[in-house]
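> sequence and predicted structure below; questions after.
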Amino acid sequence: AVAEAFGTLATAFPDRIDLGLGRAPGGDGAVIRALRRDPMADSFPQDVVELLSYLGPAQPNAPVRALPGEGTSVPVWILGSSLFGAQLAAHLGLPYAFASHFAPGDLDEALAVYRDRFRPSPWLEAPRAMIAINVFAAETTAEAVFLRSTMQLAFARLRSGMPGKLPRPTRDLDAEIPPAMRRAVDQALRISAVGDRGEVREQLQALIGTYRPDEVILTGQIHDHAARLKSFEMAAEIMSSLD
């Protein structure tokens, strides 16, 4: 089903579709049951290999074929926030994207493991790593900090067992989040660029210089849609100007 869905997208939009695969089910026990998955089984590595075969060269005699899908060679990325994904991506010779925008704890070690253990494959000759960076850009530092409070609030509520819709930003974050939770949230979201154009440029350049990613994916949970678009527009202009 995944191969056919992404094969359809790749056929409609050639050279514009990538497929990211992560081991996490994307929810709690109830979600796992709704997906009809066995919580005790971990067949992710085998599933990745099987999926690659569906997207690879046509095999007319295969008992199961993805149509469309086969022959599209949709680029497959392994997504991860731990050493497991780094090891798997290196072993299979696939590109690797790290969820540093909310779980940066293992970022340094994961990138080192991936790059050191990478094995060339039919899909990739050399390691290709991506990191995710939160961006909150605005005309002033104060406005950018204000916009960022939405994601901080959302993350704190999620960690407190109270997930919900994206909250509105606040000018008084300390009144909303206890000190210990604030420290934990800020540590989890530390791979971020926040501020005006100059500050965001400086922070992005520093992060890219430190981790040397081949690609960067930018995100930013900003409540106001116009402000979110403005932030991404500013970030895109900054990224295009970096050396």
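Cool, got the structure.

> who touches stretch 61-79?
Stretch 61-79 is contacted by residues 3-4, 6-8, 10-11, 17-22, 48, 51-59, 85, 88-89, 92, 94-97, 99, 123, 130 when judged by Cβ atoms under 8 Å, 6 or more residues apart in numbering. Every C-beta, even on glycine, is put in place using the N, C-alpha and C of the backbone.

> now the buried members of those residues.
Buried residues within the contacts of stretch 61-79, counting neighbours by 16 or more other Cβ atoms under 10 Å: 3-4, 6-8, 10, 17, 19, 21, 48, 51-56, 85, 88-89, 92, 94-97, 99, 123, 130.

> follow-up on the earlier one: please narrow the contacts of stretch 61-79 to those residing in helices.
Secondary structure assignment by DSSP state H places 3-4, 6-8, 10-11, 48, 51-55, 85, 88-89, 92 of the contacts of stretch 61-79 in helices.

> any chance you could list what contacts the longest helix along the chain?
Longest among the helix segments of the chain by residue count, using DSSP H, is helix 141-159. Around helix 141-159, the neighbours that count as contacts under Cβ under 8 Å, 6+ apart are 102, 134, 136-138, 163-164, 166-171, 173, 176-177, 181-182, 184-186, 188-189, 192, 194-196, 199-200, 220-224, 227, 231.

> got a quick PyMOL command for the buried subset of these?
In PyMOL syntax, the buried subset of those is picked out as below (16+ other Cβ under 10 Å):
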select buried, resi 102+134+136+137+138+167+169+173+177+181+185+186+188+189+192+194+195+196+200+220+221+222+223+227+231
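
> three-state assignment of the closest residue in space to residue 217 that isn't next to it in sequence?
Spatially, and ignoring its direct neighbours in sequence, residue 217 is nearest to residue 132 (4.9 Å; Cβ to Cβ, 6 or more residues apart in numbering). Three-state assignment for residue 132 (DSSP: H, G, I helix; E, B strand; the rest coil): strand.

> and residue 132, how many neighbours?
22 (other Cβ atoms under 10 Å).

> what does the one 3 residues further on give?
For residue 135, the tally of surrounding residues (other Cβ under 10 Å) stands at 26.

> one more: residue 203?
Residue 203: 19 neighbours (other Cβ under 10 Å).
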